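**Q** Need coordinates for the following:
(chains A and B)
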Number of protein chains: 2
Amino acid sequence: MAKGKADLKKITKQDEDYSRWYLDIVERAKLAEESGVRGCMIIRPEGFAIWEKMQQILDQMFKDTGHANAYFPLFIPVSYFSKEAKHVSGFAKECAVVTHHRLTTKKSGEITVDPDAELGEPLVVRPTSETIIWSAYRKWIQSYRDLPILLNQWVNVCRWELRTRPFLRTTEFLWQEGHTAHATADEAEAESRQMLEVYKTFVEEYLAIPVLAGRKTENEKFPGAEHTYTIETMTQDKRAIQVATSHNLGTTFSKAFDVTYLSAEGTQEYPFATSWGITTRLIGTLVMVHSDNQGFVCPPRIAPLQVIGVPIYRKDAEKEEVLARFQELQENFKILNIFSFKVDTRENLNPGFKFNDWELKGIPLRLEIGPRDLKQGKAVLVRRDTGEKVIVEQSDLVSKIPTLLHEIQSSLFQKAQEFQAQNTYSVSSYEEFKVSIEKNLGFYLAYFDGSPEDEEVIQEETKATGRCIPLTEESETGKCFYTGRETRNKVIFARAY
Amino acid sequence: MAKGKADLKKITKQDEDYSRWYLDIVERAKLAEESGVRGCMIIRPEGFAIWEKMQQILDQMFKDTGHANAYFPLFIPVSYFSKEAKHVSGFAKECAVVTHHRLTTKKSGEITVDPDAELGEPLVVRPTSETIIWSAYRKWIQSYRDLPILLNQWVNVCRWELRTRPFLRTTEFLWQEGHTAHATADEAEAESRQMLEVYKTFVEEYLAIPVLAGRKTENEKFPGAEHTYTIETMTQDKRAIQVATSHNLGTTFSKAFDVTYLSAEGTQEYPFATSWGITTRLIGTLVMVHSDNQGFVCPPRIAPLQVIGVPIYRKDAEKEEVLARFQELQENFKILNIFSFKVDTRENLNPGFKFNDWELKGIPLRLEIGPRDLKQGKAVLVRRDTGEKVIVEQSDLVSKIPTLLHEIQSSLFQKAQEFQAQNTYSVSSYEEFKVSIEKNLGFYLAYFDGSPEDEEVIQEETKATGRCIPLTEESETGKCFYTGRETRNKVIFARAY
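**A** Sure, this is the predicted structure:
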């Protein structure tokens, strides 16, 4: 691969080393970088602009479904986890714990933790906020009139991960977490399904990422949940990636935090909970699903910048004319305000360099105009996804650009969907599955009614986990590929990120 | 004050106990509440909606001045503070320190910190992000072509405060922090002044809070800053409150983190830094400046909900007609989209209860329509700030409401401005000041050229601090009220939150 200094800046090819390719894209497209703080990344402006756009769109979808935002503390007293532990087994204990509240200066001038400033009760940096939120809901929920409560927060959370990978698995990450309280089990179930549907719509329509919606198996569901719903997609190396989850938590947290309400009938009842979240992992998923050996590929509907103009010229006189034309176009486009546009006016860089640079950064469409185009009233549009060049009349740009952006969006979705379909298999025996997944990664659909212990054996033997019980699969019965028992459950197995 | 159970829900009067009044407003208007976690508050949906609106407006102002958002880690290795300490003395050391990365379950079932999971290097929960950001800028800044860097982040930060008060001083709070890097000292100075101006415009035009813009005295400036600029306002109990700060940091952080760039002339130079921030304290400031004994008062331009409709009826037939009319109005208003509007359709609550409830929550304008109004084609508009009732033709609502909202906005600003002017004094001798501030709190403008030590004596003796050297004061010379020396510096002294 590395042929010398000239190649230093090349992106590793996907088929040479997929993991390295992923890291190269994240770094070279300036989406994120290592911070020097273990497992924590810096989200660079290019990456953060995508997160901001995701937030805007999703936040509106949450508000349209009746939710409001709030903010709960970052720190959770460790005693809250003891309360949770009585009702929930198996929640993750790898998290950041604050034990002191002061620094001090040593004689050497070095700064260190002040040993005299130990906290009475250690505080955990929130890995998720069910405990702190349900401890507040205890005060807020008295009567059935206080229900439902439909809240969300956009925050940072922290889980102490051993092996990290930017966006996909980091110690600190950004997410939103919805936490709702309902009077009935049915309402909570409907809420958790509704939010899964919101996520599916968002991810498919804006990120052009086709997903399988399903329910998690016993082994994979959130500790304390009645049901965990998930949407999963397939990366270009044919692994599964969990895109979002929505949990029906039943009365687990109302019981753990002793929250009851007076019903209309005058009885004391436990309210029902849901929680649901989506994280900065979405940005990594965009890379994993759409990007290529030239760099990042960003679907137009989520791209902060949709069209980049690159002026082509050699002589000063040409430069002046071409830039003047771009200036005019920019003003026109700004008034129309139907796509985002910028002109690359950087000096001392040749067009070839600029082409590569914007391809690397994943801008969906490039607009080139040179002196000859000027004379002919033409312009060149280049699609980032296919590299296809389209020569158009400049007067047609305002209609052609939105059409092309739309085509790119559809085409990215379709390509990913076909790839997923081509790499999804049905298997009826565990032996067949073991052999097949070694040869071809992908999604394997099988009848399955095994226990959590069975799932663990399967994971040990095949490195595959039950990703979900698809919601769309019809409920005919069949023979479990592992136990041989008749079952209605069909499960997708895959190796996952 | 407390006359029995019926009074339990009354708001403490401002002149009885201003501090208690403040806490009552925050709690009863549901802006925030104690979380049970020491010094950390829960920002409730009503309070958070104001913060969201502040974010939207300010974020656009930051982008219009060329800034982009990014995200840097929450955790800062303690060694970064040692680097800072070599260049900056006196930075605050009261902060949350993470020392462990795992919980464990005791035999009793209780959850506790795992003593085997101690971190090699403790991590500090960011109190502010200069150190972590400048350690990244070291990689990003190589050449003059990489400058300026104009970044901002919207995040949570943590400072271990002994005495806390919701919004005004909490252990964890939300803010934005801008961090910029420039090639020249002049550019950094211009940036810090520009951002102060952005804050002043935002606070005056949207929050209707008149501010004094000035430079901090030596004693009050940010550790490591060349200059700290501030905007300060006056609360209704005549204290100063710092609303926002903008720092020209010179080369302090580029030197501490060894950041240099290759200039156009081929020399290695240190870049110049600024940082600037505004926090959730703004919400507390709104309470402190505008609110009254009836509850919260929210200026229309920052109010998430601007007009609340309260239907008036007794009989079912009346109810139907009145609600139908409100429904029509709501649809009209929605199409026009020039103010936000909701109808209080809650059952079993009388109009009087609803009036009080929305006054408590600070909604700028109330729209009442009853059966008699229906017949006459009239409606009643009630201003939250003055209680004034305006009877208008229903057909005039769409013009009258925006006019009234505008009047409320102006009037709140003017009232606060007059109050500030009335309680601002000039003093020429320290003795006069000591006597006067005991009798009347307020802003005291005096010639001052004392040392930081002098400022500390003044603070001990009068509980007042130098709030700022106003930028607008003319630079005639006068005699320092403390040292008697001739100086051009005029300083505002006040007791402050």
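
**Q** got the residue ranges for the helices in chain A?
**A** In chain A, helices defined by DSSP state H lie at A:18-28, A:45-64, A:78-85, A:130-140, A:185-205, A:252-256, A:281-290, A:316-336, A:351-360, A:371-376, A:397-422, A:430-439, A:452-462, listed in chain order.

**Q** Now do the same contact list for the residue of the stretch 151-300 of chain A found nearest chain B.
**A** Nearest to chain B, among the residues of the stretch 151-300 of chain A, is A:W160, at 4.3 Å (C-beta to the nearest C-beta). C-beta coordinates here come from the backbone N, C-alpha and C atoms, glycine included. Applying C-beta atoms under 8 Å, 6 or more residues apart in numbering or on different chains to A:W160 gives the contacts A:39, A:94-96, A:171, B:101-102.

**Q** just A:F341 next, same as before
**A** Contacts of A:F341 (C-beta under 8 Å, 6+ apart): A:305-309, A:329-330, A:333-334, A:367.

**Q** again, 10 Å this time
**A** Contacts for A:F341 (C-beta atoms under 10 Å, 6 or more residues apart in numbering or on different chains) come out as A:305-309, A:326, A:329-330, A:332-334, A:365, A:367, A:397, A:401.

**Q** Now restrict these to buried residues only.
**A** A:305-309, A:326, A:329, A:333, A:365, A:367, A:397, A:401 (16 or more other C-beta atoms under 10 Å in any protein chain shown).

**Q** In JSON lines: those residues, plus pLDDT.
**A** As requested, the buried ones among the contacts of A:F341 are exported to JSON lines (pLDDT from 0 to 100):
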{"residue": "A:L305", "pLDDT": "98"}
{"residue": "A:Q306", "pLDDT": "98"}
{"residue": "A:V307", "pLDDT": "98"}
{"residue": "A:I308", "pLDDT": "98"}
{"residue": "A:G309", "pLDDT": "98"}
{"residue": "A:F326", "pLDDT": "97"}
{"residue": "A:L329", "pLDDT": "97"}
{"residue": "A:F333", "pLDDT": "97"}
{"residue": "A:L365", "pLDDT": "98"}
{"residue": "A:L367", "pLDDT": "98"}
{"residue": "A:L397", "pLDDT": "97"}
{"residue": "A:I401", "pLDDT": "98"}
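
**Q** Which of these sits closest to chain B?
**A** The closest of these, once distances to chain B are taken by C-beta to the nearest C-beta, is A:L305, at 11.5 Å.

**Q** beta partners for the closest residue to A:K93 other than its chain neighbours?
**A** Take A:K93 and drop its neighbours on the chain: the residue closest to it by C-beta to C-beta, 6 or more residues apart in numbering or on different chains is B:L103, 4.1 Å away. Counting by DSSP bridges, B:L103 is bridged to B:V113.

**Q** What residues sit buried inside stretch A:90-102?
**A** A:91, A:93-102.

**Q** Would you point out which residue is most central in chain A?
**A** Nearest residue to the geometric centre of chain A (C-alpha atoms, centre = their mean): A:L282, 1.7 Å.

**Q** quick one: contacts for the closest residue to it other than its chain neighbours?
**A** In space, and not counting its chain neighbours, A:L282 is closest to A:M54: 6.2 Å by C-beta to C-beta, 6+ apart. Shown in contact with A:M54 (C-beta under 10 Å, 6+ apart): A:176, A:202-203, A:206-207, A:278, A:280, A:282-283, A:286, A:302.

**Q** Reformat those residues as TSV; add pLDDT.
**A** Converted to TSV, these look like this (pLDDT from 0 to 100):
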residue	pLDDT
A:Q176	98
A:F202	98
A:V203	98
A:Y206	98
A:L207	98
A:I278	98
A:T280	98
A:L282	98
A:I283	98
A:L286	98
A:I302	98
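
**Q** Pick out the most distant pair among these.
**A** Within these, A:Q176 and A:L286 form the most distant pair, 17.2 Å apart (C-beta to C-beta).

**Q** Which one of these two is surrounded by more residues?
**A** Shown here are A:Q176 and A:L286; by other C-beta atoms under 10 Å in any protein chain shown, A:L286 has more neighbours (28 against 20).

**Q** Give me the domain ranges for chain A.
**A** A:20-290, A:305-411, A:424-494 (automatic domain parsing).

**Q** JSON lines for those, including distance to B:D292?
**A** JSON lines is the format used below for the domains of chain A (distance: least, C-beta to C-beta, whole Å):
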{"stretch": "domain A:20-290", "distance to B:D292": "25"}
{"stretch": "domain A:305-411", "distance to B:D292": "42"}
{"stretch": "domain A:424-494", "distance to B:D292": "54"}
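
**Q** just these: most buried one?
**A** Among these, domain A:20-290 has the highest mean neighbour count (mean count of other C-beta atoms under 10 Å in any protein chain shown), at a mean of 20.

**Q** That one: end-to-end distance?
**A** The straight-line separation of the ends of domain A:20-290 (C-alpha to C-alpha, to the nearest Å) is 16 Å.

**Q** which parts of the stretch 201-350 of chain A sit against chain B?
**A** Within the stretch 201-350 of chain A, the positions lying close to chain B (C-beta under 10 Å from any C-beta of the partner chain) are A:280, A:304, A:346, A:348.

**Q** ok, so of the residues you listed, who is nearest chain B?
**A** Ranked by distance to chain B (C-beta to the nearest C-beta), those are led by A:T280 at 8.4 Å.

**Q** How about the closest one, nearest residue that isn't a chain neighbour?
**A** A:L174 (4.7 Å).

**Q** A:K13 now?
**A** A:N293 is the one closest to A:K13 (C-beta to C-beta, 6+ apart), at 5.3 Å.

**Q** wait, what's in contact with that neighbour?
**A** With contact taken as C-beta under 10 Å, 6+ apart, A:N293 is in contact with A:10-16, A:21, A:24-25.
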